[in-house]
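> A predicted structure for the sequence below; I have some questions about it.
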Amino acid sequence: MTTIMKKHTTLPFIGIVLLLVFSSCMADKKPDQAWWLNISIAPDKTVLNNINITTYNKNWRSAVFLDEKLIKTHVTKRQFSEFKNSKFKLSSNVDLNGNNEKETIKVGVYQNSKNDKGIFLAVFEKHKLLKVFTDSSNQGFSALIKDNKSIRWYKCMNCGEYEHINWNGKSYVIQ
Amino acid sequence: MTSTATAVTTPNNIDQLISIIQSEFPNSSIRITGRARTIRRQAELMAQRIIANRVDFLQTYTWRQHIGEMNQFIINNPRATLDQTTVRFEAIINTARLRGAQVSNHLSDTARDISIPIGLPATQNTIETRIEALGATVIREPNAAGGPHWHVDW
């Protein structure tokens, strides 16, 4: 009788333990993420567009612009096709300030003197650096989509995480 | 396409919720494609703005207690660096949110964008229902400017 009772309580108990372990494993498992959320870019330049990176930001140690060649070396063929077939660009020409001259906007990754990495967006006009925006909460991918007279700075693809860059009459601002 | 596990699990956060959905619908190729604006990023944006021009900053944001605190910090610490200001603003924002203040309607530590699940509409409906059963809301964004996705907020 005792043996039968032991069997009838032991098996369900094992079942509950296994279920809890399974649930716990699911709880601890990190969810799958798209490649652009995990891509790691190592900034390695001290001059960008013939301009010393300390002009971009006095605390930068190194930086690099994102371009297709760089992205290609970090992702698979299929992943690169995903980017190529999208609306996203790593560089864009648009007249934000309405002076009939198109600014060139580029995105990249920087590393500062504390070894912290972040992403940046730089605005040029006729090769002159006009403005730099930084985002220390992201460390790799970002890209651009034109939006009328502004630029959307996306931190991902197939997502809604972006900021608007436009001209407010006096300066470039981020929304 | 069917669910392979119906164990009742309660997620502790949005990432766990997504993990559960991925494990229950492995053939739908669901992956996280984006996150919402973090508090850190919001703090940094506001820090950049106030350092660039304090008057402009005060004209940009509706006056609230946390705006006043940020303004006072800069007045009291005119030489504060961007990093120092960001750290302080992050704390101010967290405190403000605990008070119930809405600092920005873009902020969320509990939202994720995910890829649109692969499968027939019936499968997608099942997945949406399951996400809602786990405690999140789903906004389908098939025509988003940044690419098609589902926005999941827990």
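Thanks, I have the structure now.
> Now stretch A:49-65: average pLDDT?
Regarding stretch A:49-65, the rounded mean pLDDT is 96.
> Repeat that for stretch B:133-141.
96.
> quick one: that stretch near chain A?
Yes - against chain A, stretch B:133-141 shows contacts by C-beta under 8 Å from any C-beta of the partner chain at B:Glu141. Every residue, glycine included, has its C-beta placed from N, CA and C.
> Go through that stretch and flag the buried ones.
Neighbour counts using 16 or more other C-beta atoms under 10 Å in any protein chain shown place B:Leu134, B:Ala136, B:Val138, B:Glu141 of stretch B:133-141 among the buried residues.
> Out of those, which is nearest to B:Ile93?
Lowest distance from B:Ile93 to the buried residues of stretch B:133-141 (C-beta to C-beta) belongs to B:Ala136, with 23.4 Å.
> all strands for chain A, in order.
Remark: strands assigned in chain A by DSSP state E are A:47-48, A:51-52, A:60-65, A:91-94, A:103-112, A:117-125, A:128-135, A:143-147, A:150-154, A:162-167, A:172-174.
> mind showing which ranges of chain A have poor pLDDT?
For chain A, the stretches flagged by pLDDT under 70 are A:1-28.
> next structured bit after the worst-scoring helix or strand of chain B on mean pLDDT?
Taking mean pLDDT, DSSP states H and E as the measure, the helix or strand of chain B with the lowest value is helix B:54-60, at a mean of 85. Scanning forward in sequence from helix B:54-60 by DSSP states H and E, the next helix or strand is helix B:65-76.
> For the helix or strand that comes right after that following helix, buried residues please.
Counting by DSSP H and E, the next helix or strand C-terminal to helix B:65-76 is helix B:82-99. For helix B:82-99, a neighbour-count test (16+ other C-beta under 10 Å) marks B:Thr85, B:Thr86, B:Val87, B:Arg88, B:Phe89, B:Glu90, B:Ile92, B:Ile93, B:Ala96, B:Arg97 as buried.
> Kindly report the residues of chain B close to chain A.
Counting by C-beta under 8 Å from any C-beta, chain B sits next to chain A at B:7, B:9, B:11-12, B:15-16, B:18-20, B:22-23, B:30-38, B:40-41, B:44-45, B:48-49, B:52, B:86, B:113, B:115, B:141, B:144-149, B:151.
> Filter the residues you listed down to the ones in strands?
Short answer: these in strands (DSSP E) are B:Ile32, B:Thr33, B:Gly34, B:Arg35, B:Asp113, B:Glu141, B:His149, B:His151.
> right, and the first one touches B:Arg112 too?
This points to B:Ile32. Yes - in terms of C-beta atoms under 8 Å, B:Ile32 counts as a neighbour of B:Arg112; the distance is 5.2 Å.
> Spell out which residues are contacts of both of those two.
When C-beta atoms under 8 Å, 6 or more residues apart in numbering or on different chains defines a contact, the residues bordering B:Ile32 and B:Arg112 alike are B:Asp15, B:Ile18.
> what residue ranges in chain B are flagged as low confidence?
Applying pLDDT under 70 to chain B flags residues B:1-8, B:105-106.
> For chain A, which residues are neighbours of chain B?
Remark: the part of chain A in contact with chain B comprises A:19, A:22-23, A:26-27, A:29-34, A:36-37, A:86-87, A:133-138, A:145, A:147, A:152, A:154-163, A:171, A:173-174, using C-beta under 8 Å from any C-beta.
> ok, A:Gln111 - contacts?
Per C-beta under 8 Å, 6+ apart, neighbours of A:Gln111: A:Pro43, A:Trp60, A:Arg61, A:Ser62, A:Ala63, A:Lys117.
> about what we covered before: need the contact partners of the least confident helix or strand of chain B.
The contact list for helix B:54-60, computed with C-beta under 8 Å, 6+ apart, reads B:Met46, B:Arg49, B:Ile50, B:Ile67, B:Met70, B:Asn71, B:Ile74, B:Ile75.
> again, 10 Å this time
With C-beta atoms under 10 Å, 6 or more residues apart in numbering or on different chains as the test, helix B:54-60 has contacts from A:168, A:170-171, A:173, A:175, B:46-51, B:53, B:67-68, B:70-71, B:74-75, B:78.
> Just the buried residues from the residues you listed, in ChimeraX please.
Buried subset of these, written as a ChimeraX selection, criterion 16+ other C-beta under 10 Å:
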select /A:173 /B:46,47,48,49,50,51,67,70,71,74
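> ok, now which ones touch the closest residue in space to B:Val87 that isn't next to it in sequence?
Leaving aside its chain neighbours, B:Val87 sits nearest to B:Ala43 (7.7 Å; criterion: C-beta to C-beta, 6 or more residues apart in numbering or on different chains). Residues in contact with B:Ala43 (C-beta under 10 Å, 6+ apart) are A:136-137, B:70, B:85-94, B:103.
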